[in-house]
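In: Sequence isn't available, so here's the structure alone:
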């Protein structure tokens, strides 16, 4: 009888200890989940600030295109700010701002009769892309996005020994489509195609398009 009583006491103590351990474990798990959610929400809020957005969307890009009439080389830097749409968190809008420096080499054997010899034209402009971006997937170390949208460009400077700035159409409108791959948690590469519906010259010459490659955050 004493043995049965001792066994019963041991079982009661064991059961009570397990219940306390389970209660402590559940409390720790709930606390961890709660803290993780708070940290994630805090991180999300911070990542949506203007400074954070401008940092993570900063990029340097190059564009190149060549025909029998001209060669186009362009270098640019820029950034953007955006937010997710309320109805779809993977779909975001972004408005950007960039400054571009381009060099055009016009061939006198091409279609431009006003160029008597091989001539260069250096152009500085400000670009404002309005992008719709779809996030295919996103993990801590990598992510993939597709984007498209209009690009507005204002030419602010034209320098050339033969081309008069008044011959240039300073307000440009184009469209871009591309993809962005994020790697190493914060670094990104972008590959896109851009086509301008506005000719470079007011007489309709030089309809530009080209492949654009960029690196950034």
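Out: Now that the structure is in, tell me what you want to look at. Quick caveat: nothing in here was measured; it's all calculated off a predicted structure.
In: okay, CA-based contacts and neighbour counts for the rest of this
Out: OK.
In: Nearest to the middle of the protein, which residue? Look it up for me.
Out: residue 57 (5.1 Å; CA atoms, centre = their mean).
In: Quick check: the gap between it and residue 193.
Out: Distance of residue 57 to residue 193, given as CA to CA, to the nearest Å: 18 Å.
In: Likewise for residue 106?
Out: Spatial separation of residue 106 from residue 193 under the definition CA to CA is 22 Å.
In: if we can go back for a sec, tell me the pLDDT at the residue nearest to the centre of the chain?
Out: The model reports residue 57 with a pLDDT of 83.
In: how about the closest residue to it other than its chain neighbours, phi and psi?
Out: Residue nearest to residue 57 in three dimensions, not counting chain neighbours: residue 79, with 5.0 Å by CA to CA, 6 or more residues apart in numbering. The main-chain torsion angles of residue 79 are listed as degrees, to the nearest 10 and equal phi -150, psi -180.
In: hey, what's residue 79 bridged with?
Out: According to DSSP bridges, the partner residues bridging residue 79 are residue 97.
In: I'd guessed residue 121 sits against residue 164; true?
Out: No: judged on CA atoms under 8 Å, residue 121 makes no contact with residue 164 at a distance of 9.9 Å.
In: if you count what's nearby, which of these two comes out ahead?
Out: Neighbour tally, residue 121 and residue 164, criterion other CA atoms under 10 Å: the higher count belongs to residue 121, 18 against 11.
In: who's in contact with that one?
Out: Applying CA atoms under 8 Å, 6 or more residues apart in numbering, one finds that residue 121 lies in contact with 103-106, 158-161, 163.
In: And the pLDDT for it?
Out: What the model reports as pLDDT for residue 121 is 91.
In: just the one 10 residues further on next, same as before
Out: The per-residue pLDDT reported for residue 131 equals 95.
In: Then the one 5 residues further on?
Out: In the prediction, the pLDDT value recorded for residue 136 is 91.
In: count of residues packed around it?
Out: Taking other CA under 10 Å as the criterion, the count of residues near residue 136 is 11.
In: Note down every partner strand of the host helix or strand of it and its orientation.
Out: Here residue 136, judged by DSSP states H and E, is contained in strand 119-138. Using DSSP bridges, the strands paired with strand 119-138 are strand 88-106 (antiparallel), strand 143-159 (antiparallel).
In: how about the first one: buried residues?
Out: Taking 16 or more other CA atoms under 10 Å as the basis for neighbour counts, the residues of strand 88-106 that come out buried are 91-106.
In: which ones are touching residue 70?
Out: Applying CA under 8 Å, 6+ apart, one finds that residue 70 lies in contact with 104-107, 110.
In: again, 10 Å this time
Out: Contact criterion CA atoms under 10 Å, 6 or more residues apart in numbering gives 104-112, 118-120, 206 as the residues in contact with residue 70.
In: now swap in residue 131 and tell me
Out: By CA under 10 Å, 6+ apart, residue 131 lies in contact with 80, 82, 92-96, 147-151, 175-177.
In: What's opposite it in the beta bridge?
Out: residue 94.
In: ok, it to residue 87 distance?
Out: In this structure, residue 131 and residue 87 are separated by 17 Å, where distance is defined by CA to CA.
In: now swap in residue 215 and tell me
Out: Shown here: residue 215 relative to residue 87, a distance of 30 Å by CA to CA.
In: between those two, who's got more neighbours?
Out: Neighbours per residue (other CA under 10 Å) separate residue 215 from residue 87, with residue 215 holding more: 18 against 7.
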